[in-house]
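Asker: sequence-free structure coming up:
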């Protein structure tokens with residue numbers, strides 16, 4: 001049986017925190033941020049956590 005490989009696209013986007021929750025970046029923070037409100041830019045920096053269903057699916061892809 002061959003080794004399972006880590007899904008590299010997901011690995012670049014998601015971090016698994018020590019408690020097991022998953023952190024993912026938020027959309028809209030990569031470019032043209034000068035015209036966006038500062039509060040928006042700050043909230044984007046913090047990222048967000050995934051829902052439990054998505055987290056389970058993505059963790060399975062990261063098991064590699």
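Answerer: Here it is on my side, so go on. If you're wondering where the values come from, they're calculated on a predicted model, not measured in any experiment.
Asker: which residues in the chain form strands?
Answerer: Assigned by DSSP state E, the chain shows strands spanning 14-16, 22-24, 48-49.
Asker: Among these, show me which one is buried the most.
Answerer: strand 22-24 (a mean of 17; mean count of other CB atoms under 10 Å). Where C-beta positions appear, they are placed from N, C-alpha and C, glycine not excepted.
Asker: related to what we said a few turns ago, could you export the strands of the chain to TSV, including columns for mean pLDDT and distance to residue 30?
Answerer: Below are the strands of the chain laid out as TSV (pLDDT from 0 to 100; distance: least, CB to CB, whole Å):
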stretch	mean pLDDT	distance to residue 30
strand 14-16	91	17
strand 22-24	91	14
strand 48-49	90	15
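Asker: Can you show me the helices along this structure?
Answerer: Applying DSSP state H to the chain gives helices spanning 8-13, 38-46, 52-62.
Asker: middle-most residue in the protein, spatially?
Answerer: residue 24 (2.0 Å; CA atoms, centre = their mean).
Asker: low-confidence ranges in this protein?
Answerer: Across the chain, the ranges flagged by pLDDT under 70 are 64.
Asker: How much space separates residue 62 from residue 12?
Answerer: If you measure residue 62 against residue 12 using CB to CB, to the nearest Å, the figure is 11 Å.
Asker: neighbour-wise, which of those two wins?
Answerer: residue 62 (14 against 8; other CB atoms under 10 Å).
Asker: ok, the more buried one - contacts?
Answerer: Residues near residue 62 by CB atoms under 8 Å, 6 or more residues apart in numbering: 6, 7, 10, 11, 14, 16.
Asker: tell me the two of the residues you listed that are most distant?
Answerer: Taking CB to CB as the measure, the contacts of residue 62 span a maximum distance of 13.3 Å, between 7 and 16.
Asker: What is the burial count for the closest residue to residue 44 other than its chain neighbours?
Answerer: Leaving out its chain neighbours, the residue that sits closest to residue 44 by CB to CB, 6 or more residues apart in numbering is residue 29, at 3.7 Å. Residues lying near residue 29 (other CB under 10 Å) number 16.
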